[in-house]
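Novice: Dropping the sequence and predicted coords here.
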Amino acid sequence: MAILNTVVRITAGLVVSVFQYSSDLDLYRLMVTEGTVDVLRDGVMTTVDQVNVVPGDIVRLTPGLAYFDMVILQGSSPLLDESALTGEVHPVAKRPLDPANADLTYEPKVNKSSTISAGTTILECSEKEGIQGDLAIVTQTGSFTAKGKLLSDVLSYERHKFKFDKEVKLVLAILAVEAIALLAIVFSVLEDNWEYSWFYAMFVVGTVFPPLLPSVFVVSVGISCKRLQRKRITCTDSRGILIAGKVKRAFFDKTGTLTKQGLDFLSAKPGTEFQRLESVTGSSGVTDHALKLGLATCHTLHASKSGTLIGPAVDRMGFSAVSAQVLDEESISFEGTTVKYLKRFEFDHQSMTQSVIISHGDKMLVYVKGSPEAIAKLCVPSSLPPNFHEKTRQSARNGIYQLAMATSTYTFKTAKSVNEVKRADIEKELNFAGVINFQNSMKEDSPQVIQELREGDIVSAIITVSFDSFAVIVFDVKQLPLFDKSNSEHPFFSVQGDNVLTGIYIAKKAGLIGQDENVVIGNKIHDGVIEWLDATDSPAALPSVSELGVSSSLALTGEVWQHLLLSDPTTALILAPHTKVFGRCTPNDKVSIVSTFVEQGETTLFCGDGGNDCGALKAAHVGIALSDAEASVVAPFTSLDKTITSVLDVLKEGRCALASAFAAYKYMIMYGQVESINQVANAYLSITFTEWVSLHASAVIV
């Protein structure tokens, strides 16, 4: 009997250890790095082990894993795969720091286009040796890098507290009192031999606390994790599986998650053709010369060594619509001529623009591309077409993703002036050139996934960010402000980063908004007062709370959302659950929306394709990244097939693991009660079961 119980307890310990070791091994493989780098020491490039590099060292970039956080000082445009760190599905080209900003302090978020983070992979870079190659200065090493901080968060992560976590202490206290009482009873009825009484009493105490009890949660999670792996869903933190079983609110990025990753180019219209509404059934070519030149030059595309164009989807689709070819980092071929780049400015989330200075023939021109609202503010009013804002909003109602283009003549003459010019110097007094129209098609399985979540009593949402195909940003969630919120309920809403009307269009196609449902839009803020409009841009009154969620719903811009949170948090928290679309949101807005519900005790899930979803993926209780990276620290779960149905798989396994774990927990407690009381009764009656009965009870029934 003693041998049997010893085997049962050892087996339970081994099972727990094996599953825990498997989980820790996956995390260890993400953390361990080995290799050497070329470092500039005493004016000479020296190869050293990566552990001997310190911040301030200048290293030469080579293809392979990046061991440190670095900022590029000189060289070509290295090509990076950031999927393991951010979940970004496309390679990203980086550029050296802008000399015009030499008087500014380096900030990783501000200078993201020049920053290389530890954990990313350098795919291509200069093959030049020594100090002639691509050089970068190390800013952080070890646990202080972006990857190190993410891994630290994983290691220090505290599992979401269930009601069970609070009650289990009380259960254990009751069992301890029961064990003491049974211990006294055993000693009172077995008076003839105290040694036998002691060991018999310890056996009774051992049955009160079942030896397999610690294994029920570990085993159920481990089995679910293995099943997810067979569905090509990797899990770097298996504890998230149990939390997934409690999810009641799921958030989704739009582009690349609910909708397809790419954009379909429709047309590019100059101002003279702007009045004609766009058809979403087909595409047309670009005929205006100035607009074609803008599409060919105003982008951040990079040609890889294989000739593939690397860059944002809107840039790639727009560039492919004109007869141009990337020659090198400094020039392109356009209609038989060579166009030289004098300076480029990356897309900026604050201004919602990107710009270039080019030399075309004997002219030097400025092209600026961005959101229609942002471009309109930078243009000379007389250059804008009549009813500009009305027409752009009508395009958004039709589900068209629209960018605007503006141009001007560059007046500086010397190359030195070009190097020192800043964004604000050229993004002003522009002439409107036209608009570029795209469409983002929805994935076939998205409406079905939303429907299944609804049937599973899970609140769904769409969250995206302003022009999310333009930039990649990593956020430290702990540095973002959280607000005091109330607990409210509403079945469906979306948070939209493109035009708010485009968000309404997508929400209707996904089934989040009824086709005939009244939507009131919080569009702008005038002198501290929110402008409320209906879907036709006519002034509208804010519906009452009783109407919201029944016959009406809300749509807010990111600007209005933040204004409400800061100026009137109570109203913001009343309206938030009834808001189905949040438009023109920044990545900070996206995180604050998720954090709002997290702070109110709701168990949340976020699913995105990485990039600027990183903050929201970390803010939510359960993050699912749609990425090619087999091992990503951006989220606990990664769908290698990049399908939204992975959300259903994770939630089903979470509920399965949680249900089986609690069922096994209750069974183990009840089995211990039955066996311990039975052993005390046997002691009182001076009888005992045969070894075969004990074997059946311990080895078969358990």
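Specialist: Looks like it arrived, so ask away. Numbering: from 1, shown residues only.

Novice: alpha carbons only for contacts and neighbour counts from here, please
Specialist: Fine.

Novice: The stretch 1-150 of the chain: strands as residue ranges?
Specialist: 36-41, 44-49, 58-60, 64-65, 69-74, 79-81, 92-93, 115-116, 121-124, 135-140 (DSSP state E, counting those that start in this stretch).

Novice: Over the fifth one, what's the mean pLDDT, rounded is fine.
Specialist: Along strand 69-74, the predicted confidence averages to a pLDDT of 94.

Novice: Next: the first one.
Specialist: Over the span of strand 36-41, the pLDDT mean works out to 93.

Novice: so that strand versus strand 44-49, what angle?
Specialist: In terms of direction (axes from the mean of the first three to the mean of the last three C-alpha atoms, to 10 degrees), strand 36-41 departs from strand 44-49 by 140 degrees.

Novice: what is Asp264 paired to in the beta sheet?
Specialist: Gln439 (DSSP bridges).

Novice: That one contacts Gln402, correct?
Specialist: No - the criterion here is C-alpha atoms under 8 Å, and Asp264 misses it with Gln402 at 11.5 Å.

Novice: So these two - more neighbours on which side?
Specialist: Set Asp264 next to Gln402 and count neighbours by other C-alpha atoms under 10 Å: Gln402 wins out with 25 against 20.

Novice: quick one: the more buried one is in a helix?
Specialist: No - assigned with DSSP: H, G, I helix; E, B strand; the rest coil, Gln402 falls outside any helix and is strand.

Novice: Least reliable of the strands of the stretch 1-150 of the chain by average pLDDT, please.
Specialist: Among the strands of the stretch 1-150 of the chain, strand 92-93 scores lowest, at a mean of 85.

Novice: Direction included, what does it pair up with?
Specialist: Here strand 92-93 has these sheet partners by DSSP bridges: strand 79-81 (antiparallel).

Novice: Would you agree Gly503 is in contact with Thr579?
Specialist: No - Gly503 lies out of contact with Thr579 (C-alpha under 8 Å); the separation is 11.8 Å.

Novice: Would you convert the strands of the stretch 1-150 of the chain into TSV that also reports distance to Ala100?
Specialist: Listed next are those as TSV, based on distance: least, C-alpha to C-alpha, whole Å:
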stretch	distance to Ala100
strand 36-41	25
strand 44-49	28
strand 58-60	21
strand 64-65	30
strand 69-74	13
strand 79-81	23
strand 92-93	20
strand 115-116	17
strand 121-124	26
strand 135-140	18
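
Novice: how about those strands in JSON lines, adding mean neighbour count?
Specialist: Formatted as JSON lines, the strands of the stretch 1-150 of the chain follow (neighbours: other C-alpha atoms under 10 Å):
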{"stretch": "strand 36-41", "mean neighbour count": "19"}
{"stretch": "strand 44-49", "mean neighbour count": "14"}
{"stretch": "strand 58-60", "mean neighbour count": "25"}
{"stretch": "strand 64-65", "mean neighbour count": "17"}
{"stretch": "strand 69-74", "mean neighbour count": "23"}
{"stretch": "strand 79-81", "mean neighbour count": "23"}
{"stretch": "strand 92-93", "mean neighbour count": "24"}
{"stretch": "strand 115-116", "mean neighbour count": "26"}
{"stretch": "strand 121-124", "mean neighbour count": "20"}
{"stretch": "strand 135-140", "mean neighbour count": "23"}
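
Novice: Mind listing residues that contact whatever helix or strand Ile506 lives in?
Specialist: For Ile506, the element it lies in under DSSP states H and E is helix 500-510. With C-alpha atoms under 8 Å, 6 or more residues apart in numbering as the contact definition, helix 500-510 has outside contacts at 393, 396-401, 442, 446-447, 450, 462, 494-497, 513-515, 535, 555-557, 580-584.
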